[in-house]
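S.K.: Just a sequence and a predicted model for now, questions to come.
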2 protein chains.
Amino acid sequence: MTQQLDSDVHFNVLTETCPSRTSLARIANKWTAMVVIALGTGRMRFGDVHTTVQGISAKVLTGTLRDLERDGLVARYAYPEIPPRVEYELTPLGRTLHTPLRALGSWAEEHIPEVLAARETYDALR
Amino acid sequence: MTQQLDSDVHFNVLTETCPSRTSLARIANKWTAMVVIALGTGRMRFGDVHTTVQGISAKVLTGTLRDLERDGLVARYAYPEIPPRVEYELTPLGRTLHTPLRALGSWAEEHIPEVLAARETYDALR
DNA sequence: CAGTATCCTATATGATACTG
DNA sequence: CAGTATCATATAGGATACTG
């Protein structure tokens, strides 16, 4: 029994070589989180996601949705109509990600008073 | 009963004006997530966090820890010794954040095979 | 409508050197 | 050891105009 125990505790995700880290880098992102939270309510058109996730630009939204699609988290349905209609929805895998991301969003909403108070205290001192 | 129901579903965190969004922007970040996950194992010295969170630069680690401290998520203990010793640990509030962030890290580790497979499929087509 | 293309700026991050 | 300072670069993101 030594103090060395800590060195046995390691998370792959903290490791530079584990590919899970590239995944974490993508999902631990504010735009990703907001888009996945928005899509958690169901299948949506591009424009609706754009409206729901306030302040996101079309460029960033397009990129975020593409990345999510590439990682198998979002499915894209394009209808050959004029004007075009494109819908997005979480895949089953994406729904498993929605749970922790929604939890993160809820955390932010629930604890914002404490966070704001902490910031005031901190800023008052320095 | 109309189709308008969806407009009743809104998350503060998706709103440009709600301050909870500034909090989400900070916590939905790869370095924040990794540092909080690392600190989840207990109080650590700066150098140990630096080693545990592989690849983070001292500059980024310093900034991440300061932001977390400012938001009341991490406590900093500096000992006036030579050479200096500084320890960091999650506050009670920080521990409530650790749960969803650790869940996000676990998600990344558990689902990396599916994500990698999805990427291959996607990249093979375009 | 759902993007894309282009240009431009801001922020994040990296590398190196230095200090109490 | 635990940072800070500085410089340089990369990547993210914003604004605008345009198109199938």
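M.R.: Received it, and whenever you're ready, just let me know what you need.

S.K.: what helix or strand is residue A:88 on?
M.R.: In this assignment (DSSP states H and E), residue A:88 forms part of strand A:85-90.

S.K.: How about the residues of chain A by DNA strand D?
M.R.: Counting by Cβ under 7 Å from any atom of the strand, chain A comes close to DNA strand D at A:29-31, A:55-60, A:83-84. (Glycine included, C-beta is placed from N, CA and C.)

S.K.: distance of residue A:42 from residue B:91?
M.R.: 37 Å (Cβ to Cβ, to the nearest Å).

S.K.: Between the two, tell me which one has more neighbours.
M.R.: residue B:91 (17 against 12; other Cβ atoms under 10 Å in any protein chain shown).

S.K.: so that one sits right up against residue B:71, yeah?
M.R.: No - assessed by Cβ atoms under 8 Å, residue B:91 is found out of contact with residue B:71, at 9.5 Å.

S.K.: tell me the pLDDT at the residue most central in space within chain A?
M.R.: Nearest to the mean C-alpha position of chain A, by Cα atoms, centre = their mean, lies residue A:33 at 2.1 Å. Note on residue A:33: pLDDT of 98.

S.K.: Surely residue A:45 is in contact with residue A:83?
M.R.: No - judged on Cβ under 8 Å, residue A:45 makes no contact with residue A:83 at a distance of 11.1 Å.

S.K.: Who has more neighbours out of the two?
M.R.: residue A:45 (15 against 4).

S.K.: so which strand or helix has the residue nearest to the centre of chain A?
M.R.: helix A:30-39.

S.K.: same question, residue A:59
M.R.: Going by DSSP H and E, residue A:59 is in helix A:58-70.

S.K.: Remind me what whichever helix or strand comes after that helix packs against, helices and strands.
M.R.: Later in the chain than helix A:58-70, the nearest helix or strand by DSSP H and E is strand A:74-79. Applying 3 or more Cβ pairs under 8 Å, 6 or more residues apart in numbering or on different chains; DSSP states H and E, one finds that strand A:74-79 contacts helix A:58-70, strand A:85-90.
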